[in-house]
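*Asks:* With the input below, show me the fold.
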Amino acid sequence: MTVSSRAGGGTIFKFDIKFNVVESTDRQREQPTRRVIAIAPNQPRYRILVADDAFDNRQLLVKLLSAIGFEVYEAKNGMEAIEKWEQYSPHLIFMDMRMPVMDGYEATKQIKAKASSTSPLVKGGEDVSETQATAIVAITASSFEEEKAVVLSTGCDDFVRKPFREANIFDVLHKHIGVQFVFEELNAAPSFPENEVNVLTKTAFSELPPELVANLQQAISNLDLEQMQTVISQIREINQPLARASAACIKNFQYEQLLNLIHTLRDET
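*Replies:* This next block holds a predicted model:
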């Protein structure tokens with residue numbers, strides 16, 4: 001620090017501040033290093049219930065979880081979720097909060113109330129010696145922080161926003177029911193033919209009609225598989241390698257890679 005002063009002119013203080021630049025959390029999250037490929041051995045046969053009125057949304061989670069060894073059940077509304085919970089006693093429920101017949105808020109309240117007044121857990125109608133309470137993780141498209149507070153106040157144990165990443169799902173499974181996973185090192189890019197490795201670029205997307213890019217962004221944000229496939233088919237008519245690469249990302253649940261490209265493209269326009 002230096003000081004200089006002049007009679008009648010005041011005093012000037014000068015100093016330098018040194019600081020380290022820390023990457024933002026979002027940037028760190030854009031660069032995952034590992035991918036779950038299986039449940040680690042010597043663990044229970046974990047039962048998971050997916051409650052969502054949208055078939056495509058349910059299938060995203062069902063396929064993801066079944067592929068690595070979970071026993072997965074489905075429910076189309078809150079009433080079915082309660083019935084499946086009573087029948088199978090899942091270790092964890094992924095509960096969509098907006099459903100017909102009975103929404104996720106009411107279903108969560110009833111499950112938590114029943115769980116606190118009944119014991120032991122029941123699986124398939126048979127008494128089993130388990131004491132772990134069912135964890136309930138809310139799945140919602142809401143981006144408002146107030147919504148999270150409302151969801152947690154109903155009894156949900158955690159909160160995941162759509163569109164979610166694989167890592168979000170596996171993180172809450174580990175956090176709430178203690179699942180241990182086997183990981184595979186991620187490559188920097190999805191597995192494409194050698195001549196298509198670098199087709200997922202801002203330039204490639206910039207050459208598409210803007211409304212097509214907007215439709216793809218909306219489909220991914222809403223986890224609407226049918227709309228995703230429709231947009232991919234339209235992209236295929238313009239750029240087949242880009243369509244194949246985008247379809248591979250969707251198949252591997254790598255939605256964030258596509259959204260990052262789209263957001264970067266929009267930031268530059």
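
*Asks:* where does this protein dip in pLDDT?
*Replies:* Counting by pLDDT under 70, the chain contains low-confidence ranges at 1-33, 118-132, 143, 185-198, 266-269.

*Asks:* in it, which spans are strands?
*Replies:* With strands called from DSSP state E, the chain shows them at 2-6, 10-14, 34-39, 47-51, 71-75, 92-96, 122-123, 126-127, 135-140, 158-161, 181-185.

*Asks:* Out of those strands, which gets nearest to residue 149?
*Replies:* strand 158-161 (9.4 Å; C-beta to C-beta). C-betas here are computed from N, CA, C, even on glycine.

*Asks:* residues of that closest one that come out buried?
*Replies:* Residues 158-160 are the ones in strand 158-161 that count as buried (16 or more other C-beta atoms under 10 Å).

*Asks:* residues in contact with the residue lying closest to residue 148 once chain neighbours are set aside?
*Replies:* With C-beta to C-beta, 6 or more residues apart in numbering as the criterion, residue 148 has its nearest non-adjacent residue at 4.9 Å, and that residue is residue 159. Residue 159 makes contact with 137-138, 140, 148, 151-152, according to C-beta atoms under 8 Å, 6 or more residues apart in numbering.

*Asks:* separation between residue 159 and residue 114?
*Replies:* According to C-beta to C-beta, to the nearest Å, residue 159 and residue 114 sit 22 Å apart.

*Asks:* ditto for residue 230
*Replies:* Counting by C-beta to C-beta, the gap from residue 230 to residue 114 is 41 Å.

*Asks:* now do residue 226
*Replies:* From residue 226 to residue 114 the distance is 35 Å (C-beta to C-beta).

*Asks:* How about residue 94?
*Replies:* The gap separating residue 94 from residue 114 is 19 Å, by C-beta to C-beta.

*Asks:* How about residue 47?
*Replies:* Per C-beta to C-beta, residue 47 is found 17 Å from residue 114.

*Asks:* Name the residue in the two with the higher neighbour count.
*Replies:* residue 47 (19 against 13; other C-beta atoms under 10 Å).

*Asks:* May I have the beta-bridge partners of that one?
*Replies:* Taking DSSP bridges as the rule, residue 47 bridges to residue 71.

*Asks:* you'd agree it is up against residue 88?
*Replies:* Yes - the criterion here is C-beta atoms under 8 Å, and residue 47 meets it with residue 88 at 5.6 Å.

*Asks:* related to what we said a few turns ago, just put the strands of the chain in TSV and tack on distance to residue 245.
*Replies:* Below are the strands of the chain laid out as TSV (distance: least, C-beta to C-beta, whole Å):
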stretch	distance to residue 245
strand 2-6	57
strand 10-14	53
strand 34-39	18
strand 47-51	28
strand 71-75	29
strand 92-96	29
strand 122-123	43
strand 126-127	48
strand 135-140	28
strand 158-161	26
strand 181-185	20
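
*Asks:* Tell me which of the ones you listed lies nearest to residue 57.
*Replies:* Taking C-beta to C-beta, strand 92-96 is the member of these nearest to residue 57, at 7.0 Å.

*Asks:* List of residues touching the closest one?
*Replies:* Strand 92-96 is contacted from outside by 46, 48-54, 57, 61, 81, 85, 104, 107-108, 111, 134-140, 156, 160, 169, 172-173, 176-177, using C-beta under 8 Å, 6+ apart.
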